[in-house]
Structure formats: C-alpha cells, structure tokens
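1. here's my sequence, what's the structure:
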Amino acid sequence: MTDVPESHPRYVSLRMRDDIARGVEQGVTSPHGLIAHGRGEAFDYMIGETTQPFALSAIRSAAAMLLRASHPVISVNGNTAALVPAHLVSLSAACKAPLEVNIFHTSHERERAIERQLRDSGAEGVLLPSPDSTIDHIESNRKFVNPRGIAVADVVFVPLEDGDRCEALRKMDKEVITIDLNPMSRTSRLASVTIVDNVVRAMPLLLETIAELRSLGVPQLETLVSTYDNQTILDQAQQRLRKGG
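-> Below is the predicted model of the structure:
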C-alpha cells in the first residue's frame, strides 16, 4: 500500500485489508478470515467508522473486569494476530494475562505462525492448545485449550470470537469480553461485555482505560462491572446501526 497516502479517506481501512492479506500469506490468518473481516468492515461503515459512546462504556467495564480478575486470559485468533499483535502483547503485560492461541480453522502450522507473530511483537510466552485439555459444550476444534490458560480462566478476553465458543465459555461460568462490530451476533448477545467497535480502535482505548483504572480498589472495580448492562449497550449500538453512518 505504499502508493496510498495517509490522507486517503480509506487509508486505515486499506491498511487493515493489507494486514489481513499479509496474515494469510504468512499463514497467520485463514482465508476464511478475509470474509469475516469484510463483514465487520460493513458494520463499521454503519457506525461511522468512529468509536461511539456505547463502545466507550463497554471498554470501561471491560477494563475493570480484567483488572479485578483472578486469572484473566487473552484468546488470540488469526485476525487479531494480524491486526493488533503489539496491542495484545501490551494488554497481556498490563493485566498479567497470558496469551493463548485458539483458532477455528486449526493446524499446528497456523498455531505456530500466530505464536511467532506474537513473539515478534514482544510476547515472552504464548500458550498453545493441548489435545489433552478441552472445554465443555462445544464440538469444534476450539474446544482444545491450554490447561494453564483458558481451562482455568475466570475472565476470557476473546476479540473477534465465534458464537459457539462464547456460549460454551459462558456455560462454564466464565466471564467473556469480546470486541464485535455486529451487535446482533450470538457472540455479542452472549458475552458479559461486548465492545461494539473496530478492534484497531478499541484496543488502544482499552489499554488507556486500564492504565486509568489501575489505582482503583477491588470494590470500585466491582461496582463498575456490576452496574454495567450489556443489553443496554447492544440496544444503543443497534439504534446507531439503524441511523447509519
């Protein structure tokens, strides 16, 4: 994308497309991830390609939930590894939450490629799924998890998640934070906190909010979590979609 100036109105969108396409070339992202990205991009147009107030509310609750968690884990798929690897590494350090690779269209090669991507971005350790450790209520390959990660997590941060696993994690009484541009998806409706925003905008804001809330005590963090209503946020996001960008 060297011939596209930063002043181009579609510069950020085109850069993201390049990152996803490069991810496919490097074996990080599945070709199916291109379709998922395009669907999300359409929803982004409809919310004005801007972080909306409902997303900021969700980000604040998500930050509080991660900070007060006993064992938070960050689940990483191919698209997030291609788009925001450095932010994921920073979030891992900020929350003392291990990074765990978990992908739907799985292969050992792709898992290792994502691990390399994260390590190249500064990660010191990355957990990989184990064939000997599974979560309940799901049949796909995403049931395989690391016994030191998602298997024992109380809070799982799963940007760009699929609905089946989100539902499975919730049935296991785990709190789930997701980033999803579609407020009507099963993931959005089932998650504990849904950030309806583009992952490349939401991640820096989440990191900033964690830094802001770090000095709060557990009771204050718990209040931020307990007073949050995800359905209200989703309703506001849908109203924005009907209004259009």
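2. pLDDT weak spots in the protein?
-> Applying pLDDT under 70 to the chain picks out residues 1-2, 9, 245.
3. contacting residues for the residue most central in space within the chain?
-> What sits nearest the mean C-alpha location of the chain, by CA atoms, centre = their mean, is P159, with 1.4 Å. By CB atoms under 8 Å, 6 or more residues apart in numbering, the contact set of P159 is 80, 84, 178-180, 199, 202-203. Where you see a C-beta, it was placed from the backbone N, CA and C, and this is true even at glycine.
4. make it 6 Å
-> Neighbour list for P159: 80, 179, 199 [criterion: CB atoms under 6 Å, 6 or more residues apart in numbering].
5. torsion angles phi and psi at it?
-> The phi/psi pair for P159 (degrees, to the nearest 10) reads phi -60, psi 140.
6. the closest residue to it other than its chain neighbours pairs with what?
-> Setting aside the residues directly before and after it, P159 is nearest to I179 in space (CB to CB, 6 or more residues apart in numbering), at 4.0 Å. With beta bridges defined as DSSP bridges, I179 has these partners: I195.
7. if we can go back for a sec, and of the contacts of P159, the nearest to N141?
-> Nearest to N141 among the contacts of P159: T80, at 17.1 Å, using CB to CB.
8. what is the neighbour count of the closest one?
-> 29 (other CB atoms under 10 Å).
9. repeat for the one 5 residues further on
-> The burial metric for P85, expressed as a neighbour count using other CB under 10 Å, is 23.
10. export the contacts of P159 to JSON lines and tack on distance to D132?
-> Output for those, formatted as JSON lines (distance: CB to CB, whole Å):
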{"residue": "T80", "distance to D132": "25"}
{"residue": "I179", "distance to D132": "30"}
{"residue": "V199", "distance to D132": "31"}
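11. out of those residues, which is nearest to L241?
-> The closest of the contacts of P159, once distances to L241 are taken by CB to CB, is I179, at 16.1 Å.
12. for G27, see how far away the closest one is.
-> 23 Å (CB to CB, to the nearest Å).
13. so these two - more neighbours on which side?
-> I179 (31 against 17).
14. mind listing the helices for this protein?
-> Along the chain, the segments classed as helices by DSSP state H run 11-25, 31-46, 53-67, 78-83, 85-95, 108-120, 163-171, 186-190, 199-213, 218-226, 230-243.
15. deepest of the ones you listed, which one?
-> helix 78-83 (a mean of 26; mean count of other CB atoms under 10 Å).
16. gap between that one and the chain center?
-> Helix 78-83 sits 10 Å away from the centroid of its parent chain (CA atoms, centre = their mean, to the nearest Å).
17. from the contacts of P159, pick the one nearest A69.
-> I179 (17.0 Å).
18. my guess is that closest one contacts T194. True?
-> No: contact criterion CB atoms under 6 Å: I179 and T194 do not qualify, at 7.8 Å.
19. who touches A168 in this structure?
-> Shown in contact with A168 (CB under 6 Å, 6+ apart): 135, 137-138.
20. try 7 Å
-> For A168, the contacting residues are 135-138, by CB atoms under 7 Å, 6 or more residues apart in numbering.
21. that one and T187: what is the separation?
-> 11 Å.
22. cool, and D19?
-> From D19 across to T187, the span is 22 Å (CB to CB).
23. one more: D120?
-> 28 Å.
24. I'd guessed N230 sits against T194; true?
-> Yes: with contact defined as CB atoms under 7 Å, N230 counts as touching T194 (5.7 Å).
25. residue contacts, R165?
-> 138, 142.
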